[in-house]
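How does the following fold in three dimensions:
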Amino acid sequence: MSDKKLAIIATKGTLDWAYPPFILSSTAAALGYEVQIFFTFYGLQLLKKKLALQVSPLGNPGMPMPMAMDKWFPVLGTAIPGMQSIMTMMMKNKMKAKGVASVGELRDLCHEAEVRMIACQMTVDLFDLNPKEFIDGIEFGGAATFFEFAGEADITLYV
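Residues are numbered from 1 along each chain as shown. The predicted structure is shown next:
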């Protein structure tokens with residue numbers, strides 16, 4: 001067991017918010033940390049077998065837009081039907097062109113590095129989610145399960 005511990009709470013279920021918990025966890029595990037991620041609310045989307053993650057430019061003013069659209073395209077325009085799918089496709093293409101690992105690849109890396117992934121049972125019940133939709137190798141537990149680890153963690157992050 002490692003001397004250093006990293007605890008992460010993952011609450012977001014979009015493509016752009018999927019990267020921080022998996023990148024930080026896999027890096028920490030490679031550095032010898034014992035790592036645990038608690039997935040709750042929309043973060044549970046990151047544990048589904050079929051990843052259907054999208055990125056939304058709406059409400060994300062820091063998102064760099066292609067063709068400097070953030071300078072001339074009205075924010076309201078990002079709410080146009082189909083814009084989310086277009087922006088998701090563009091983001092995925094850019095990531096692929098830059099050699100960025102996919103969310104699925106990073107998640108598999110975390111699994112191989114023995115990062116403990118816990119799905120919030122209360123949220124699973126609240127949203128009537130089917131546990132069979134989730135990847136193998138995860139655990140289901142409540143906040144108390146997470147606090148057993150997080151209470152002794154050297155670093156705790158909320159992403």
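
what's across from Met117 in the sheet?
With DSSP bridges as the criterion, Met117 is bridged to Ile37.

What strand or helix carries the residue positioned nearest the centre of the chain?
The centroid of the chain falls nearest to Ala18 when counting by C-alpha atoms, centre = their mean (2.5 Å). Using DSSP states H and E, Ala18 maps to helix 15-30.

and that helix, how far from the chain's centre?
Relative to the centre of its chain, helix 15-30 is centred 7 Å away, using C-alpha atoms, centre = their mean, to the nearest Å.

what's the nearest residue to Gln36 once chain neighbours are set aside in contact with, if anything?
Using C-beta to C-beta, 6 or more residues apart in numbering and skipping the chain neighbours, the partner closest in space to Gln36 is Arg116 (4.3 Å). Quick note: C-beta positions are derived from backbone N, CA and C, even for glycine. Residues counted as contacts of Arg116 (C-beta atoms under 8 Å, 6 or more residues apart in numbering) are 35-37, 139, 149.

Among those residues, which one sits closest to Asp3?
Val35 (13.1 Å; C-beta to C-beta).

Could you measure from Leu157 over to Pro131?
From Leu157 across to Pro131, the span is 26 Å (C-beta to C-beta, to the nearest Å).
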